[in-house]
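Chemist: I would like to see how this sequence folds:
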Amino acid sequence: MIVFKIRNCFFIFYFFLGAISCQKNNSAINVNERLLSSLDKKIKQKQYYENKKKITIQKLKDKLKTNKNSDSVTYDVNYQIAEEYLGYQCDSAYLYSDRNRQIALKNNNNRWLHKNLLQRSVLLSTTGLFVESKEILDRINPEKLSSDLRFSYNSAYECLYSNLLDYTGDNNTHGIRYKKNLVNYYDYAYKSLKPDNQFYYLFLSHKNRINNQWQLANDNIDRFLKTTNPGTRLYAIGSYCKAVIEAKLGNQDSQESCLIYSAISDIESSTKENRSMQDLASILYKKGETERAYIYIQSALQDANFYNARFRSIQISKVQPIIENTYLLTINSQNNKLRWSVFIISFLLLGLAITLFFIYKQLKTIASSRNELSLMNTDLKMMNGKLNEANHIKEEYVAFFINQCSIYLERFEKYKKLISKRLSAGQVDKLTEMINNKKNVELDLDELYLSFDKAFLRIYPNFVEEVNKLLKPEERYDVTNILKTELRIFALIRLGINDAQQISDFLRYSLRTIYNYKSKLKTKSVVGNDEFEEKIMMIGSISYH
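Modeler: Numbers count the residues shown, from 1 in each chain. Down below sits the predicted model:
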């Protein structure tokens, strides 16, 4: 029973350890995935960082244009330009290095010459011209070097043997010899520095690596990285060195993240002579991420070709065909799956098209019925509107007619009483004068027309404004409560009184005068004569859409 409990305890303990381990691994994978996504974006922004690099170099070149007398300033600026080109474009770096060599010889300045030769040696070994690089270093007598160039001298040898070892490998006679020489120059370079120097911990880490002190090497490379900034060439170099150390320590996820940091810094500093992207492509290829591996190896090859680093191109060419072939096989497999998918989708689409055709026919029939129903509804609304309008007109004019009849009956009653009174008084002459008085008739007509105008404008309050819209701007009427004669004619037409004789009788004008008024108003119109009366008939009518 006790044994059983102990076993249970151990099982729970290992379960929690496994869970914690899985959580850490997943966390590392997630971090690396985010870093890879960031690197993908940086690859697309390569041209942006190259433009920044070109601007920096151009500023240095502009300094050369302003300086025409001082060889010392020219030498320093040429040296800086060559350093900028060193990891970016080797041919341009050679050009400015050659110019400095001429300046050093011209001034018989040994320090300038030695500094130039050491820079040129690093440039040659970086591009794969190892023999030429060693010849330069062998010609330099270290005893004659100034103390500030001792580190550069040992560093140049370190660069040479490091690249040779990288090129040949350490599993052969040459590799063993190169490694032995490399150990010496790591030691020389490290001893020529003080702890406050930026490169002190970098070379101490190199020395630890050669002596298989990997954890110590890792600690020292971390110290070096603290002295650099992300996005610089030195940070890229330090991150790559840390990736090598992490691989030896068995930390594969950390190795991958360090290579990503290094590759990002290479892009941001526009360093074309690099190794991180190539190694990262190999790791991703082994993990089965062939598409990314293909993109990264292509990027590394482009950089190597741009820089003209021969031995980097050779190294990449050993890996590139394998990644390309696997990537092409993956693409072909995906294409086959895609073809089947397209075939199945096409078949489904055909079925969908047939279904849609029948649905379309049904919808068309329904739409046609709806259109007919809509037209009928519109016609019905128009008819209802016209009936409502006609009823409104009738109501207004019945009221107008009753009112006018009442007024005239009242007047008629007054006239009867007045006539009776005057007949009784024998005032026949005054009665005759009253009957023949035209002024009373005109006053009655004016009152009739004024009543008509008021009644009409109650039905069509915007009549004058709507007529004005049909007229030229200079011919428009003032909006008042009294209609001009020509407006009154068209008001009668709007009410449906189209008979000229009826209009003539109502307005007490001859037919010719009525026609003249109509013609006069039409000549002021901005629409055709035939359209004018149609537009008048639409005033105040209900609009339907």
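Chemist: avg pLDDT for stretch 184-195?
Modeler: Averaging pLDDT along stretch 184-195 gives 79.
Chemist: Outside of stretch 50-62 itself, list whatever touches it.
Modeler: V77, Q80, I81, E84, Y85, Y88, S269, S270 (CB atoms under 8 Å, 6 or more residues apart in numbering). (Glycine included, C-beta is placed from N, CA and C.)
Chemist: Identify each buried residue in that stretch, please.
Modeler: K53, I57, L60 (16 or more other CB atoms under 10 Å).
Chemist: Would you mind giving those as CSV with pLDDT and distance to R34 added?
Modeler: Formatted as CSV, these follow (pLDDT from 0 to 100; distance: CB to CB, whole Å):
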residue, pLDDT, distance to R34
K53, 91, 26
I57, 92, 33
L60, 91, 36
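Chemist: ok, so of those residues, who is nearest D446?
Modeler: Proximity to D446 was ranked across the buried residues of stretch 50-62 by CB to CB; first place goes to K53, at 96.5 Å.
Chemist: and after the stretch of helix or strand that closest one belongs to, which helix or strand comes next?
Modeler: Taking DSSP states H and E as the criterion, K53 maps to helix 46-66. On the C-terminal side of helix 46-66, the nearest following helix or strand under DSSP H and E is helix 71-86.
Chemist: ok, and for that next one, which residues are buried?
Modeler: Buried residues in helix 71-86 (16+ other CB under 10 Å): T74, Y75, D76, V77, N78, Y79, I81, A82, E83, E84, Y85, L86.
Chemist: now stretch 186-202
Modeler: Quick answer for stretch 186-202 (16+ other CB under 10 Å): Y186, D187, Y188, A189, Y190, S192, L193, F199, Y200, Y201, L202.
Chemist: how about the closest residue to the last one other than its chain neighbours, secondary structure?
Modeler: Take L202 and drop its neighbours on the chain: the residue closest to it by CB to CB, 6 or more residues apart in numbering is F224, 4.4 Å away. For F224, the secondary structure call by DSSP: H, G, I helix; E, B strand; the rest coil comes out as helix.
Chemist: burial measure for F224, as a count.
Modeler: 23 (other CB atoms under 10 Å).
Chemist: Let me see the contact set for it.
Modeler: F224 makes contact with Q198, F199, Y201, L202, S205, G238 under the criterion CB under 8 Å, 6+ apart.
Chemist: Which member of the buried residues of helix 71-86 is positioned nearest N498?
Modeler: The closest of these, once distances to N498 are taken by CB to CB, is E84, at 95.6 Å.
Chemist: Ramachandran coordinates for S525?
Modeler: The phi/psi pair for S525 (degrees, to the nearest 10) reads phi -80, psi 150.
Chemist: For it, give its distance to R494.
Modeler: According to CB to CB, to the nearest Å, S525 stands 15 Å off from R494.
Chemist: So those two - more neighbours on which side?
Modeler: Neighbours per residue, other CB under 10 Å: of S525 and R494, the larger number sits with R494, 22 against 16.
Chemist: Hmm, that one is touching I536, no?
Modeler: Yes: with contact defined as CB atoms under 8 Å, R494 counts as touching I536 (5.7 Å).
Chemist: Confidence-wise, which helix or strand of this structure is lowest on average?
Modeler: helix 2-44 (a mean of 60; mean pLDDT, DSSP states H and E).
Chemist: and which of the buried residues of helix 71-86 is nearest I489?
Modeler: E84 (93.9 Å).
Chemist: Give me the distance between the closest one and K54.
Modeler: 10 Å.
Chemist: List just the nearest of the contacts of F224 to G540.
Modeler: The closest of these, once distances to G540 are taken by CB to CB, is G238, at 88.6 Å.
Chemist: pretty sure the closest one is touching L202, no?
Modeler: Yes: G238 lies in contact with L202 (CB under 8 Å); the separation is 6.7 Å.
Chemist: Can you pull out the low-pLDDT segments for the stretch 301-450 of the chain?
Modeler: Within the stretch 301-450 of the chain, the stretches with pLDDT under 70 are 309-334, 336, 385-413, 415-416, 422, 428, 430-431, 433-442.
Chemist: One more pass at 90, please.
Modeler: Within the stretch 301-450 of the chain, the ranges that satisfy pLDDT under 90 run 301-344, 346-351, 353, 355-358, 360-450.
Chemist: Tell me which stretches of the stretch 401-545 of the chain form helices.
Modeler: According to DSSP state H, counting those that start in this stretch, the stretch 401-545 of the chain carries its helices in the segments 428-435, 438-459, 463-469, 485-494, 500-507, 511-523, 529-538.
Chemist: got it, and the stretch 51-200 of the chain?
Modeler: 71-86, 90-107, 110-126, 130-139, 150-168, 173-191, 200-210.
Chemist: Which other helices and strands does the third one contact?
Modeler: Translated: helix 110-126. Secondary-structure packing of helix 110-126 (3 or more CB pairs under 8 Å, 6 or more residues apart in numbering; DSSP states H and E): helix 71-86, helix 90-107, helix 130-139, helix 150-168.
Chemist: and the angle from that helix to helix 71-86?
Modeler: 10 degrees (axes from the mean of the first three to the mean of the last three CA atoms, to 10 degrees).
Chemist: Convert the C-alpha atoms of helix 110-126 to PDB, please.
Modeler: Taking C-alpha atoms only, helix 110-126 is exported to PDB below (Å, rounded to 0.1, in the frame of the first residue of the first chain):
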ATOM      1  CA  ASN A 110      53.700  54.100 -42.200                       C
ATOM      2  CA  ARG A 111      50.800  54.200 -39.600                       C
ATOM      3  CA  TRP A 112      48.300  55.100 -42.300                       C
ATOM      4  CA  LEU A 113      49.700  52.400 -44.600                       C
ATOM      5  CA  HIS A 114      49.600  49.700 -41.900                       C
ATOM      6  CA  LYS A 115      46.000  50.700 -41.000                       C
ATOM      7  CA  ASN A 116      45.000  50.500 -44.600                       C
ATOM      8  CA  LEU A 117      46.700  47.100 -45.200                       C
ATOM      9  CA  LEU A 118      44.900  45.600 -42.100                       C
ATOM     10  CA  GLN A 119      41.600  46.900 -43.400                       C
ATOM     11  CA  ARG A 120      42.300  45.500 -46.800                       C
ATOM     12  CA  SER A 121      43.300  42.100 -45.400                       C
ATOM     13  CA  VAL A 122      40.000  41.800 -43.600                       C
ATOM     14  CA  LEU A 123      38.200  42.800 -46.700                       C
ATOM     15  CA  LEU A 124      40.100  40.200 -48.800                       C
ATOM     16  CA  SER A 125      39.500  37.300 -46.300                       C
ATOM     17  CA  THR A 126      35.800  38.300 -46.000                       C
END
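Chemist: Give me the mean pLDDT for that helix.
Modeler: pLDDT averaged over helix 110-126 gives 90.
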